[in-house]
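1. Got a sequence here, can you build the structure:
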Amino acid sequence: MKLGADGVVALDDDAEIAKLPTLDGIADTVGGETMQKLLAKLAPGGKIGSVVGPPAGAKERGFVVRALVTHDDSKRLGELAQAVADGKLSIPIAKRFPLAEARAAHELAEKGADGKVLLLG
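-> Take a look at the predicted model:
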């Protein structure tokens with residue numbers, strides 16, 4: 001299986017957006033007016049993954065929305081770092097791969113590795 005792009009669309013060009021075919025899903029990293037224009041191209045029951053919050057009206061239109069919104073929290077990051085340093089928090093590592101073996105690392109991760117799969121440069 002190959003992954004790639006079938007094409008590129010300038011999201012600031014309404015004519016380009018109008019030419020888009022019906023989409024099964026959208027990965028939203030922009031939100032706002034641009035996302036509203038793209039919703040018109042999403043198939044019924046289409047899926048949206050968003051890092052900027054749920055698009056207005058998407059759920060009401062029957063789209064499946066998975067939104068993840070984060071914020072900086074230096075205090076919490078410090079607490080986690082201290083827990084690692086104190087040995088109270090550990091992150092299991094399944095296997096380390098050199099960057100040249102990225103394909104094998106990805107295959108292991110897709111199979112459900114028992115811990116993190118690391119690429120080392």
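
2. make it CA atoms for all contacts and neighbour counts henceforth
-> OK.

3. for the protein, which spans come out with low pLDDT?
-> 1-5 (pLDDT under 70).

4. Select the longest strand from it.
-> The residue-count maximum for a strand in the chain (DSSP state E) belongs to strand 42-50.

5. May I ask you to confirm that Arg66 belongs to a helix?
-> No: counting by DSSP: H, G, I helix; E, B strand; the rest coil, Arg66 falls outside a helix, being strand.

6. ok now do it, which residues does it touch?
-> Arg66 makes contact with Lys47, Ile48, Gly49, Ser50, Pro54, according to Cα atoms under 8 Å, 6 or more residues apart in numbering.

7. Just among these, which is most surrounded?
-> Among the contacts of Arg66, Ile48 has the most neighbours (other Cα atoms under 10 Å), with 22 neighbours.

8. Quick check: that one touching Leu68?
-> No: using Cα atoms under 8 Å, Ile48 is not in contact with Leu68; the gap is 11.1 Å.
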